[in-house]
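Enquirer: coords below, sequence missing:
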């Protein structure tokens, strides 16, 4: 066949689709190929970025939904400005190493009410 690429008339042999082997290789690299499933590099890059964003968004959403042991959300009342807050639940705040003595609780000690 006759070459239709820049090497037309140079004596380069026809390789495929009217192109010499060099130009055909560049065409495949730039276009992503002739197969129906082959996608151009720009599409492949955009698709990788879209999947990475979707994965990151999903991971961020999942981490926000996971409960944290010992922490519960309390709905605020008008007394505290109506704001929701986090509260420690089920934790006595007692530390065996230091709180088993006969000392009275100090400011930094958590005392269950």
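Expert: Here it is on my side, so go on. From a predicted model like this one, the values you see are computed outputs, not experimental measurements.

Enquirer: what residue ranges in the protein score low on pLDDT?
Expert: 32, 35-40, 61-113 (pLDDT under 70).

Enquirer: max-length helix in it?
Expert: helix 41-65 (DSSP state H).

Enquirer: so who does residue 28 touch?
Expert: Contacts for residue 28 were tallied using C-beta atoms under 8 Å, 6 or more residues apart in numbering; they are residue 34. Backbone N, C-alpha and C define where each C-beta goes, glycine included.

Enquirer: whoops, I mixed them up, residue 5
Expert: Residue 5 neighbours (C-beta under 8 Å, 6+ apart): 18, 19, 20, 23.

Enquirer: give me phi/psi at the second one?
Expert: It refers to residue 19. When read as degrees, to the nearest 10, the backbone of residue 19 gives phi -120, psi 150.

Enquirer: swap in the third one?
Expert: Recorded main-chain torsions at residue 20 are phi -80, psi 170, according to degrees, to the nearest 10.

Enquirer: just give the nearest non-adjacent residue to it, would you?
Expert: For residue 20, ignoring the flanking residues on the chain, the nearest one in space by C-beta to C-beta, 6 or more residues apart in numbering is residue 12 at 4.0 Å.

Enquirer: same thing with the last one?
Expert: With C-beta to C-beta, 6+ apart as the measure, residue 5 is the residue that lies nearest to residue 23, at 3.9 Å, once sequence neighbours are left out.

Enquirer: the one you found and residue 34: what is the separation?
Expert: The gap separating residue 5 from residue 34 is 15 Å, by C-beta to C-beta, to the nearest Å.
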